[in-house]
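1. kindly return the folded structure for what I paste below:
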Amino acid sequence: MEQQIFIVDDDPKIGNMFSNVLTRDGFDVDAFLKPAQMLDRMDEETEPDIILADMMMPDMNGVELLETLNERHTSIPVIVMTGNASVSLAVEAMQKGAFHYLEKPINLEEMRALIDQALDLYDEEEEVEELRQEQRAQYPVDGILGESASIEEVRETVRTLESAPKTTVLLSGETGTGKNLVAKTIHHNSPHAKGRFMEINCAALPDNLLEAELFGYEKGAFTDARESKEGLLEAADGGTVFLDEIDSMSMALQAKLLSFLESRVFRRLGGVEDLRVSTRVLCATNSDIEASVSEGSFRKDLYFRINVVNLHLPPLRRMGEDVLVIAEAVVDELNREMGREAEGFTEAAREKLMNYAWPGNVRELRNVLERAMIFFDGPLLEADDLELGGTEGLSSNGVVGGATDHGSFHFPEGASLEELERAYILHTLKGNDASYAQIARQLGISKKTLWEKRRRYDLDEEVER
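-> Now for the predicted structure:
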């Protein structure tokens, strides 16, 4: 399909000359004597791929034309044509969004080069916008499933946040309640959707690595800093950074985060230059952060700063029949992913879903249904297809440990201390809703030591959090 160019110039000779040249170059060209005529055509037909507009016209100059196009929220690249006397006006036009300007008399090769550049940019912007729309479609507000009052309140808050793109939000709720989904939904339904969504679990890294990941570093800032690197806050400029398990952050790093949230200015590690970004910050916690404030392990001023809007996601066991609403949606999704044709649940299966406590919430529900659909022979999922509440063996490197109904833990004879340590840490991590900082305290080790052992034993691959 030919790319279309609109030319608007009150001199008909200019319009005719450029039309002939660009038509020979393979473009579909329409020339207009007045901007109003071109705007009327745009109302009637598809917008052009590019506009060439004279800077000085009697009824509307180039700057006024750009202002009109901006009001229409169009992204069409505009190249303005100007004489020597109105170059300053052409610069003003670029400030209003013009792609570039050409000085008269027009150099045809320069014009062709600018048109090619503008069309390349237009194509890239269209691709980005299409991707943005696809992502927005993946995370609609109605994708936060449930018919209960608490979920409807969550959806209404997310819709309200579309008009408050700078507001910091604290998402609270147990592990597996969908905080990550809600964070992405907030991002993709806000002006920040044009930027990147970056997330990090604050408990997954030691404090020094977490600081480097967030703020970036300059070459030589520490031993392994062989080159400069931007952090997540910088990489997501114009977008969103999601800080999960925010309460696991050290007090020193909390102070640095608070300073950034107050000013939107920070320095890379080892840097001396102040960097300013427009990154939005969303935070999440699966623990009682107010208790952490009372205990003195979380800064009160930071808590107030991140808790401008609090979105609490209820556990699945308190959502009534929403369990079935979500389960049916998950089955539909798994049908598409797995090529299955499950039509729903038997009545006994529905009762089993409703009567279970779901300690792992939506994440556990999805895992149960995915496992069931691997083996079922349909058309309805039956109660026996749903394996609920079973304790899986902790098998690794020949070591098996099992938790009894009383919470005790059994080890086989002959296992090495290293094997037993791995099995017990894995047992403690599995199904534990506490933060990594709290789990480290349960184990009697530091959060850094827990991180090192998780990495040493490759535990994160076996534990979903």
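
2. what number of residues lie near residue 195?
-> Here the count is done by other C-beta atoms under 10 Å, and residue 195 has 21 residues near it. Bear in mind the C-beta positions are built from the backbone N, C-alpha and C, glycine included.

3. that one: what's it in contact with?
-> 236, 237, 238, 239, 240, 279 (C-beta atoms under 8 Å, 6 or more residues apart in numbering).

4. 7 Å instead?
-> Applying C-beta atoms under 7 Å, 6 or more residues apart in numbering to residue 195 gives the contacts 236, 237, 238, 239, 240.

5. what's the answer for residue 260, then?
-> 233, 266.

6. after the helix or strand encompassing it, which helix or strand is next?
-> Using DSSP states H and E, residue 260 sits within helix 251-263. Counting by DSSP H and E, the element after helix 251-263 in chain order, helix or strand, is strand 265-266.

7. partner strands of that following strand, with direction?
-> In the sheet, strand 265-266 lines up against strand 275-276 (antiparallel) (DSSP bridges).

8. next SSE downstream of the strand it pairs with?
-> For strand 275-276, the succeeding helix or strand toward the C-terminus, using DSSP H and E, is strand 280-285.

9. can you give the strand pairings for that following strand, parallel or anti for each?
-> Counting by DSSP bridges, strand 280-285 is paired with strand 169-172 (parallel), strand 240-244 (parallel).

10. nearest to residue 67, out of those strands?
-> strand 240-244 (30.6 Å; C-beta to C-beta).

11. check the offset of the closest one from the chain's centre.
-> Per C-alpha atoms, centre = their mean, to the nearest Å, the displacement of strand 240-244 from the mean C-alpha position of its chain is 8 Å.

12. what sits up against it?
-> Outside strand 240-244, the residues that reach it (C-beta under 7 Å, 6+ apart) are 183, 187, 192, 195, 197-202, 232-233, 279-284.

13. what do you get if the cut-off is 8 Å, keeping everything else the same?
-> With contacts defined as C-beta under 8 Å, 6+ apart, strand 240-244 is touched by 179-180, 183-184, 186-187, 190, 192, 195-203, 214, 232-233, 249, 257, 279-284.

14. what comes up buried for it?
-> By neighbour count with 16 or more other C-beta atoms under 10 Å, strand 240-244 contains the buried residues 240, 241, 242, 243, 244.

15. picking that back up, compute the inter-axis angle for the helix holding residue 260 and strand 240-244.
-> Computed by axes from the mean of the first three to the mean of the last three C-alpha atoms, to 10 degrees, the angle separating helix 251-263 from strand 240-244 equals 150 degrees.

16. helices or strands next to the helix or strand encompassing residue 331 in the packing?
-> Taking DSSP H and E as the criterion, residue 331 maps to helix 322-338. For helix 322-338, the packing partners by 3 or more C-beta pairs under 8 Å, 6 or more residues apart in numbering; DSSP states H and E come out as helix 347-355, helix 361-375.

17. of those, flag the one that's most buried.
-> helix 361-375 (a mean of 18; mean count of other C-beta atoms under 10 Å).

18. redo the buried residues of strand 240-244 as a markdown table? Include pLDDT and distance to residue 165.
-> Formatted as a markdown table, those follow (pLDDT from 0 to 100; distance: C-beta to C-beta, whole Å):
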| residue | pLDDT | distance to residue 165 |
| --- | --- | --- |
| 240 | 95 | 9 |
| 241 | 96 | 14 |
| 242 | 97 | 15 |
| 243 | 97 | 17 |
| 244 | 95 | 21 |
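
19. pick the one among those residues closest to residue 364.
-> Distance to residue 364 across the buried residues of strand 240-244 (C-beta to C-beta) is lowest for residue 244, with 18.0 Å.

20. so what's the closest one bridging to?
-> Taking DSSP bridges as the rule, residue 244 bridges to residue 201.

21. can you check which of the helices and strands packed on helix 322-338 gets nearest to residue 417?
-> Of the helices and strands packed on helix 322-338, nearest to residue 417 by C-beta to C-beta is helix 361-375, at 31.6 Å.

22. just the angle for that closest one relative to helix 322-338, thanks.
-> Computed by the same axes, to 10 degrees, the angle separating helix 361-375 from helix 322-338 equals 50 degrees.

23. which secondary structure elements does helix 361-375 sit against?
-> For helix 361-375, the packing partners by 3+ C-beta pairs under 8 Å, 6+ apart come out as helix 322-338.

24. before we move on, the earlier item: can you give me the buried ones in the helix holding residue 260?
-> Residues of helix 251-263 classed as buried: 253, 254, 256, 257, 258, 260, 261 (neighbour count, 16+ other C-beta under 10 Å).

25. cool, thanks, talk later.
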